[in-house]
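Asker: after the sequence you'll find the predicted model.
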Amino acid sequence: MVNAVSVSEKSTLVKFDIEAASPEEADLLAQLDPQRLPGHVAVIMDGNGRWAGKRHLPRVAGHQAGVESVRSTVETCARLHIPALTLYAFSAENWKRPQQEVGFLMRLLRHYLRAELDTLNRNNIRLQSIGRQKDLPATVREDLEWARAATSGNTGMILTLALNYGARAELVDAVRSIVADARQGGLELEQIDEKLIQSRLYTANLPDPDLLIRTSGEMRVSNFLLWQIAYAEFWVTPVLWPDFRRPELLQALVEYQKRDRRFGGLNGDAVRA
């Protein structure tokens with residue numbers, strides 16, 4: 001086992017707080033520039049059902065297997081000192097799935113929160129969630145609030161779970177908030193700009209994602225962070241979510257660092273927003 005792979009940056013030795021379990025991981029870690037990691041990674045976790053179908057298992061088996069991928073991704077990002085990670089855990093459209101599957105997902109979420117709390121605190125991770133939380137079952141809301149409170153003192157990576165989340169609904173809620181202020185006379189038309197809208201989004205306390213990862217090979221964003229990913233780099237892998245592990249995440253980060261991010265400017269002009 002290779003311990004804490006070292007990376008040299010301008011003659012300064014930098015160590016990732018991470019262990020490489022294989023030569024492949026060690027090689028990928030060695031390629032990473034710790035000064036150019038994304039500030040915010042967002043992930044569309046797709047392919048649980050297909051993973052189960054290929055194994056002639058019920059769909060819920062795919063969701064259960066995907067928990068290990070969540071654990072691996074969260075812990076790896078935290079140990080790489082990535083400031084923010086957002087996972088698309090349950091979309092507003094997912095209520096259309098069979099009631100038995102939705103119920104299992106809610107129970108799985110509650111189990112994850114209870115089982116992973118020690119790991120979150122050990123890695124100094126602060127948990128939060130976004131979406132229309134009032135529509136979640138009361139037991140889920142209670143467990144979310146409990147986990148948020150239990151990790152609120154942590155100062156490392158912010159882990160955001162998108163639950164009952166839809167980007168269009170988020171924009172509707174932002175507009176409603178602005179209109180409510182305008183009706184009360186506290187807002188003029190000329191004050192409505194991008195900065196104001198950004199401040200009313202669920203993600204107001206987060207930087208926009210630098211990197212959006214989607215598993216299972218699908219080439220769509222599925223109503224996820226539509227405003228926030230305006231300048232995000234996309235990385236799509238055919239790997240199904242339950243098979244997504246540290247090597248796939250490290251490969252995404254390596255590919256991200258190869259991109260020339262110009263934000264509409266010319267080569268060399270771009271500065272991270």
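Answerer: Yep, that arrived. Numbering: from 1, shown residues only.

Asker: could you pull out the strands in this protein for me?
Answerer: 2-3, 6-9, 12-15, 19-20, 40-44, 84-91, 126-130, 158-165, 211-214, 233-236 (DSSP state E).

Asker: deepest-packed of the ones you listed, please.
Answerer: strand 40-44 (a mean of 26; mean count of other CB atoms under 10 Å). Any C-beta I mention is one placed from the backbone N, CA and C, and that applies to glycine too.

Asker: quick one: contacts of it?
Answerer: When contacts are defined by CB atoms under 8 Å, 6 or more residues apart in numbering, strand 40-44 is touched by residues 73, 77, 82-88, 206-215, 221-222, 224-225, 228-229, 232.

Asker: spit out the contact partners of the residue nearest to residue 132 when sequence neighbours are not counted.
Answerer: Nearest non-adjacent residue to residue 132, counting by CB to CB, 6 or more residues apart in numbering: residue 164, 5.0 Å away. Contacts for residue 164 (CB under 8 Å, 6+ apart) come out as 90, 91, 92, 95, 131, 132, 133, 135, 136.

Asker: redo these as JSON lines? Include pLDDT and distance to residue 28.
Answerer: Compiled in JSON lines, the contacts of residue 164 are given as follows (pLDDT from 0 to 100; distance: CB to CB, whole Å):
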{"residue": "90", "pLDDT": "98", "distance to residue 28": "30"}
{"residue": "91", "pLDDT": "97", "distance to residue 28": "30"}
{"residue": "92", "pLDDT": "97", "distance to residue 28": "35"}
{"residue": "95", "pLDDT": "97", "distance to residue 28": "38"}
{"residue": "131", "pLDDT": "98", "distance to residue 28": "32"}
{"residue": "132", "pLDDT": "98", "distance to residue 28": "38"}
{"residue": "133", "pLDDT": "95", "distance to residue 28": "36"}
{"residue": "135", "pLDDT": "97", "distance to residue 28": "40"}
{"residue": "136", "pLDDT": "98", "distance to residue 28": "37"}
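
Asker: report the buried members of these.
Answerer: The neighbour-count criterion (16 or more other CB atoms under 10 Å) marks 90, 91, 92, 131, 132, 136 among those as buried.

Asker: report pLDDT for the residue nearest to residue 132.
Answerer: As predicted, residue 164 sits at a pLDDT of 98.

Asker: how close does it get to residue 154?
Answerer: Per CB to CB, to the nearest Å, residue 164 is found 24 Å from residue 154.

Asker: swap in residue 75?
Answerer: 14 Å.

Asker: low-confidence stretches in the protein?
Answerer: By pLDDT under 70, the weakly predicted segments of the chain are 1-15, 264-273.

Asker: longest helix anywhere in it?
Answerer: Criterion DSSP state H: the longest helix present in the chain is helix 99-122.

Asker: now do that one and strand 126-130, the angle between them.
Answerer: 150 degrees (axes from the mean of the first three to the mean of the last three CA atoms, to 10 degrees).

Asker: which outside residues touch helix 99-122?
Answerer: Helix 99-122 is contacted from outside by 59-60, 63-64, 67, 70-71, 74-75, 89-90, 94-95, 125, 127, 136-137, 139-140, 143-144, 146-147, 150-151, 154, 159, 161, 163, using CB under 8 Å, 6+ apart.

Asker: just the buried residues of the residues you listed.
Answerer: 59-60, 63-64, 67, 70, 74-75, 89-90, 94, 125, 127, 136, 140, 143-144, 147, 150-151, 154, 159, 161, 163.

Asker: which ones among those residues map onto helices?
Answerer: The helices in this structure, assigned by DSSP H, contain 59-60, 63-64, 67, 70, 74-75, 140, 143-144, 147, 150-151 from the buried ones among the contacts of helix 99-122.

Asker: turn those into a markdown table, columns for distance to residue 53.
Answerer: Converted to a markdown table, those look like this (distance: CB to CB, whole Å):
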| residue | distance to residue 53 |
| --- | --- |
| 59 | 8 |
| 60 | 12 |
| 63 | 13 |
| 64 | 14 |
| 67 | 18 |
| 70 | 20 |
| 74 | 26 |
| 75 | 28 |
| 140 | 27 |
| 143 | 30 |
| 144 | 30 |
| 147 | 31 |
| 150 | 36 |
| 151 | 35 |
